[in-house]
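Engineer: Fold the stuff below for me.
(chains A and B)
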Amino acid sequence: MSTSTGTHCPYCALQCGMTLTPLPPAGARVGPRDFPVNEGALCQKGWTAAALLDTPDRLTHPLVRRRRDEPLRPATWPEALDLIAGRLRELRERHGPDAVAVFGGGGLTNEKAYLLGKFARVALRTSQIDYNGRFCMSSAAAAGIRAFGLDRGLPFPVTDLREAETVMLVGANVAETMPPFVRHLRRARDHGGLVVVDPRRTATAELASLHLAPRPGTDLALALGMLHAAVAGGHLRHDYVGARTGGFAGAWRVAARWRPEEAERVTGVAGADQRAAVELLAGARNAYVLTGRGTEQHSNGVDTVSGWINLALALGLPGRTGSGYGCLTGQGNGQGGREHGQKADQLPGYRRLDDEAARRHVASVWGVAPEELPGPGRSAYELLDALGTSTGPRALLLFGSNPVVSAPHAAHVTRRLAALDLLVVADVVPSETALLADVVLPVTQWAEEEGTMTNLEGRVLLRRRAVPPPEGVRGDLTVLRELAVRLGQPAERFPDDPEEVFAELALASRGGAADYSGLSHRRLRAGETPHWPCPEPGHPGTPRLFLDGFAHPDRRARFTPVEHRGPAESPDAVYPLVATTGRTLAHYQSGAQTRRVAELVRVAPAPYVEVHPDTARRAGLADGDLARVVSRRGAVEAEVRCAPGIRPDTVFVPFHFPGAGRANLISNPALDPVSGMPEFKACAVRLTPARESSARESSAREIPAHEEGS
Amino acid sequence: MSPRRVVVVGYGMAGARLAELVRERDPRGELVELTVVGAESRPAYNRVLLPGVLDGTMTADGIALHGREWARDNRVRLLLGAVAVRLDRAARMVHLADGPPIGYDALVLATGSRPWLPPVGGLTGERGEPARGVATLRGLDDCARIAAVTGPGVPVAVLGGGVLGVETALALGRRGAGVTLIHPAPHLMERHLDPTAGMILARLCHAAGVRVVTGLTAVRHYPDEGVKLEDGAFVPAALTVVTTGVRPETDLAVAAGLGSAEGVPVDDRLRTADPYVHAVGDCARTGDAPSGLLRPAWDQAAVLADLLTGAGPTARYRASPPVTRLRAGDVDLTVFGASHLGLDSREAEVLGYADPARGTYAKLTLDGDRVTGAIVLGLPGVGATLTQLYDTGWPAPADRLALLLGRTPPPAVDDDPARLPGSTVICRCNSVTKDDLTRAARATGGGVTALVRATRASTGCGDCLPKVRRLADPHETTGTPT
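Structural biologist: The predicted structure is shown next:
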C-alpha cells in the first residue's frame, strides 16, 4: 500500500500544502494538508493537479529532427544530447559564446534556476540568459530594491494579513489567481477595509468595500493623487518619514501637482474615492498595500510600483509588524527564480553580475576565475527579439517556459524562434514552443523529483518526490550535467543530486541579499519552512524583514520621485479600446499544464474576451459571438463574454490559450526602461465580429475617436 | 552648436512646468541654456492649493513645486526676486529692475495673471493697490496676510462668488472665521451653474457656516468696519477678501507691442507676433481657451518644451475643453461644457436629478450618445465618469439613469440558495453548481462535511460555506448562517 507524501501544489506562488497518494500503476490522489498559507484549502487547480502525472501526451523520450520541415522523431538520450552538444560547439566556434542563449522560468526549482545560471555562465560562457520571470516580477523587484534595498515579495508572513483592518490590492485578482489567499482577508473585509484597484469588477473586486476602477495604464496617476490626498488629509506620518525614510520632499513635489481632482481626470477614479481609500489605509490599526501584475506589467511598471510604495511609506506602513507593502508573486517559484542567477544581470544570492565582489565570491564557489564570467546580457523580450538575427543568438536552450504563448507580440517571437539554427526545449509535455524545437527533451516534473521552492513570502519549501517518474524521462539537473560534460566541463562541477546542488547554492548565496547559507535539504526535510535570509545553520530564518531598518546602507527606506506617463499606446480612431490581459481561475500561465486537465478544460474550454455590454452591442456583437480583438500587432479570436462590471472603454483577454486565441498576439512589447517588463496590461485595440458582415462593420464605426492626451 | 538661450519670464506654475519639461527633454543642458526670472523670492509653488494653506491642511513648504536646490540640480539659472521691466525685441534682450539685461534666442512670457478688483468705493488705494483691510488671494504672501487677521469668530467678507470665491469662503469658514460671501449675480458661479445648482451650492455653503448674499452689489468698503451693499445693508468685516477674477499680466508684452490687457495672442506653437517671443499660461491668449486654469497652462508648457528643445518639432497646442472642479470640505462640484441648457432645451437631450435637501444635483446634456455638458454636485463618482465620457468622446451608456445616479449597481445578490437556479455556480474556486450540491446531498444523505468532501465546495477561498451549509441542511434555509 502506498503512503502519502506531504508536498506543495505545482502551480502558483502561494505554494499551498497538499498530500499526494500514489495510485499505482500511474497517477496519484491529492489530499488536503494544513499549511499556514492555505490551512488545508485548495482551489480547483490544486485539487486536480495529479492529473498532470498521467496526462496522455506526456513526453517520455527525446524527439529530434535534422531539418525544420521534417517531423520530430523519437531518439535516444545519447543521440539527442550528442546532437545538441555538437551543434552548440559548432555555433560557439563559428560565432562566439553569445551565439547560444538560455531561457529559464519562474516555475523551476531553486536548484534548477541555480544550475541553469551556472551552466550558462560556466559551461557556455554566454551572457545571453534570462527567464520568463522578467514578464512577471521584474518591475516590483526593481522598485522594491530601489525603495528598501532588498526585494522579497512579501517581507512578512502571509498570515500577518489576517490581523489587518485594511488591505489594498492593486491590480491583483486573488479570488481567481490564488483563492485560498482570500481566507487571510476576512478581518479586513469585516472592517470594511478591503480596497481593490482594478479596471474590471473582478471576483476580488466583488468582495471589496471600495473598488477603484482606473483606466488601464493610469495607475501611477492614481498613486500620485492618493499620495496627495494622504498629505492634504493630514495623514502623513511625520515621525516615521523623518526617522526611517529619505527623499520624501522630492516625491512630494511631484505629487503636489496631483490633486486627486487632477488624478481623477486622468484615471476616471473620483477624487472622493481616492480620499476614502487613503482614509481606510490611514485609519486602520494595521494596513497593507499589495501590488500584483495589473499595476506592474506596464512600460512604466517600476515607477508605478514606486508610486504605491511612496504612498505606503508616507502612511508609515513598511517595516512595522502588522503593516506593510508587498507584491504578490505569481509563478510557483517566482521568488526563488529571481534570486539564484538565471536573470540576465544576476548571480546567485540575489547578487549583481556587475558587482566585482559578487563576481569574486561566486567565481570562487564555481572554481573559475572571476574574469571568465560573462557580463550582463539582454532582458527576456530583447533576447527573444534578437534570436536568429545577425547580431543575436543562433541557438536557444529553453527550460520551464512556453514563450510562443506567453511572450508579448507572440507572432513575432514565434518567427524569431523559427529563425534559430537550433532550438532545444526541455519540457514535460509537447508545449506550443516544444513543437517548434529541433530537439525536445522529456523531463521530470513537480511530484516526480525533489527540489526547493521559495514562495511569495520568501519561505523556502521542500517539494518532495511522491511518485516515480515515467520511464525515459530525466531531471533538468541531469540534462544540464550531461550537456556540460559533453561541452568539456568536469562532471563534479555539475552535480545532479538536488540536495548537493542546494548545498552549493547555499554556499554561493552566502553574504548575498537572499542568503540561504544556513539552509539545507536536511533542515527542510525535518519539517522546517524558514523565510530567507537564513545566514547560519542554527538561524531560524527571518519571517519579517525591515523591522529594525531597511536594507540600504543608511537603514532608511527611499521615496522615489516618479512622474506619471501614460501607456506606450493610447486609443485612437482606429484602435479605440484598451485591451488588458490576465488570468482566469481554472488556468495557469500559458496553460501548457492546465489545458491538459479535463476538469479544468470543462470549466474554461476556450479563449474569451470580456466586454461591457454597451461596447459589445456597438461592435455588433452579442454574448457568445466570436470576436476579433485587433491591435497594431495582430488579432486574437475569442468568444464574447458580456460583463457590466468592466469599463466600457476596456476589454479583457485571458492569456492561457494557444493558436488564434493567444492574447499575446495583440500585446505590446514596449518595455519598462528599468526592468525590461513588457506592457502586457494596456494596448490599443478595436473589436469586430470574427465573421464580419457589412452591416456589422458599419455599426462598429459608430465608436468615436478618442482625443489624444485627454 | 552652442545651446539655444531660452529665457522664461515668470516662475509661476506655467513657467516652472515649462522649465521642468525642457530639462526632462534636455537633462544635461546640451540643447537649451535655461534662465528663469521669478518676481517672488521663493521657489515656485502650486497656487491651486492656496485655499488649503488658508484652512491649514497644507503648509507653505508643502505646496512648493521645487526645492531650493532644484535650479542648481537641473542646470537652470534662476533669478528670484527679479522683475523684468522692459523687452528690447530688436536687440533680443530683457531688462530687469536690478542687474544686467539678459540676451535670448527665445523668450517665453509666463507672467500669469493678477487679481482684478471691481470699481467699488474704498476698495483700492491711489495706485490701484488693495486698500487697508482688503486682500486678494494670489500668492503665499496673500495667504500669510489673510491668516494673520482671520482667527476664529473674526468677521470676514468675501467679494465674488466664483470658484475661487466659494473655495476661499469655505476655507476661511474652516478657520472659524464668520464669513459672508457676497455675489452680485442672482446665484453663485452663474457663469457655470444654472439657478438650481447655484441654490444648492449656496445651501451647502450655509451648512458649512458661510453666509451667502447673492443678487446684491457691494458699493463701498470701510476699512476695519466692513462692506456696504447696494440695498443699504452693511456686512461687518475685519477683512475683505476680493475674489472677483483675474486679468492677464501683460504690462511687459504690451509695452513691447505684443498684446493687450486681454492677453498676448499666440498661435498653436505658442508664438506671439514676434517669432522669438512665446507666451504660455494665463498671460497667453490662444483663442477660445479661458484663463486661470491649470491644465491649459501645462498642456501649453509641454508643447513649447517640445518645440524649444526640438524633441517634438511638430507639436502643436490644441485646447482641451475645460472642466471645472470645485472641492472644498464636503462640497464636490464638477462642471463642464453646455451646462446652462435647461430640461426644456430643444438643442440637446438634457437629463436632471435634484435633491436639494441632501445637497445633490446632477444635470447632463447629450448630443446623441455624446456627453456635451454636465453639472454634478455632491455625486463625485458621477462627476468622474461623466468627465471621462466628455474628455474621450466615448458614447454614454444606454442606461441613462444609472449614469446619472452613479455606478452600475451591483447585481442583486440573493443570499438564499434555495431560490437560485440549479446552474448557478455556488463555489467558484472549485466550479461547483447548486445542482452539483443537491445531487451530492441526495447521494451522501446530507451533512456539510460529506457534501464538502464530495464536491470540494468551500475548500478554496471559503466564501460559499454558508450557502453550502444551507443546501446541506434545508432547515437552515431561513436561518442566518453562522
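Engineer: When you work out contacts or count neighbours from here on, use the C-alpha atoms and nothing else.
Structural biologist: Will do.
Engineer: and the residue of the stretch 1-150 of chain B found nearest chain A, how many neighbours?
Structural biologist: Ranked by C-alpha to the nearest C-alpha, the top residue of the stretch 1-150 of chain B for proximity to chain A is B:Leu65, at 5.1 Å. Residues lying near B:Leu65 (other C-alpha atoms under 10 Å in any protein chain shown) number 24.
Engineer: contacting residues for it?
Structural biologist: Taking C-alpha atoms under 8 Å, 6 or more residues apart in numbering or on different chains, we find B:Leu65 in contact with A:Arg253, A:Val254, A:Ala256, A:Arg257, B:Ala16, B:Pro43, B:Ala44, B:Tyr45, B:Asn46.
Engineer: and if we set it to 10 Å?
Structural biologist: Counting by C-alpha atoms under 10 Å, 6 or more residues apart in numbering or on different chains, B:Leu65 touches A:249-250, A:252-257, B:12-13, B:16-17, B:43-47.
Engineer: Then A:Glu528?
Structural biologist: A:Arg459, A:Val460, A:Leu461, A:Leu462, A:Leu519, A:His521, A:Arg522, A:Pro540, A:Gly541.
Engineer: Looking at those, which are in strands?
Structural biologist: Among these, the members found in strands (DSSP state E) are A:Val460, A:Leu461, A:Leu462.
Engineer: For ChimeraX, write the select line for the buried members of the residues you listed.
Structural biologist: To isolate in ChimeraX the members of those that are buried, counting by 16 or more other C-alpha atoms under 10 Å in any protein chain shown, one can use:
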select /A:460,461,462
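Engineer: Need the nearest residue in space to the residue in the stretch 101-250 of chain B positioned nearest to chain A, chain neighbours excluded.
Structural biologist: Per C-alpha to the nearest C-alpha, B:Ala171 is where the stretch 101-250 of chain B lies closest to chain A, at 13.3 Å. Leaving out its chain neighbours, the residue that sits closest to B:Ala171 by C-alpha to C-alpha, 6 or more residues apart in numbering or on different chains is B:Asp55, at 4.9 Å.
Engineer: thinking the one you found is in contact with B:Gly173, fair?
Structural biologist: Yes. Proximity of B:Asp55 to B:Gly173 meets the contact threshold set by C-alpha atoms under 10 Å, at 8.1 Å.
Engineer: Which one's more surrounded, these two?
Structural biologist: Counted by other C-alpha under 10 Å, B:Asp55 and B:Gly173 do not tie: B:Gly173 has more neighbours, with 25 against 20.
Engineer: host element of B:Leu87?
Structural biologist: strand B:84-88 (DSSP states H and E).
Engineer: Pull up the pairing partners for whatever helix or strand comes next after that strand, direction included.
Structural biologist: Using DSSP H and E, the next helix or strand after strand B:84-88 towards the C-terminus is strand B:93-96. Next to strand B:93-96 in the sheet, as set by DSSP bridges, lie strand B:84-88 (antiparallel), strand B:102-103 (antiparallel).
Engineer: show me where pLDDT drops low in the chain?
Structural biologist: Because you didn't say which chain, this covers chain A. A:1-2, A:692-710 (pLDDT under 70).
Engineer: try chain B instead
Structural biologist: For chain B, the ranges with pLDDT under 70 are B:288-292, B:407-415, B:474-482.
Engineer: check contacts around the residue nearest the centre of it.
Structural biologist: Chain B has B:Arg325 as the residue nearest its centroid, 4.3 Å off, counting by C-alpha atoms, centre = their mean. Neighbouring residues of B:Arg325 by C-alpha under 10 Å, 6+ apart: A:Glu261, A:Glu262, A:Arg265, B:Val163, B:Asp332, B:Leu333, B:Thr334, B:Val335, B:Phe336, B:Val376, B:Gly383.
Engineer: Now neighbour count and secondary structure too, for those residues, in JSON lines please.
Structural biologist: Output for those, formatted as JSON lines (neighbours: other C-alpha atoms under 10 Å in any protein chain shown; DSSP: H, G, I helix; E, B strand; the rest coil):
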{"residue": "A:Glu261", "neighbour count": "25", "secondary structure": "helix"}
{"residue": "A:Glu262", "neighbour count": "20", "secondary structure": "helix"}
{"residue": "A:Arg265", "neighbour count": "21", "secondary structure": "helix"}
{"residue": "B:Val163", "neighbour count": "19", "secondary structure": "helix"}
{"residue": "B:Asp332", "neighbour count": "21", "secondary structure": "strand"}
{"residue": "B:Leu333", "neighbour count": "23", "secondary structure": "strand"}
{"residue": "B:Thr334", "neighbour count": "24", "secondary structure": "strand"}
{"residue": "B:Val335", "neighbour count": "24", "secondary structure": "strand"}
{"residue": "B:Phe336", "neighbour count": "24", "secondary structure": "strand"}
{"residue": "B:Val376", "neighbour count": "29", "secondary structure": "strand"}
{"residue": "B:Gly383", "neighbour count": "31", "secondary structure": "helix"}
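Engineer: Which two among those are spaced furthest apart?
Structural biologist: Farthest apart among the contacts of B:Arg325 by C-alpha to C-alpha are A:Arg265 and B:Val163. That separation is 18.0 Å.
Engineer: and the longest helix for the chain?
Structural biologist: In the absence of a named chain, this looks at chain A. Counting by DSSP state H, the longest helix found in chain A is helix A:77-95.
Engineer: The chain in question should be chain B.
Structural biologist: Determined from DSSP H, the single longest helix within chain B is helix B:294-309.
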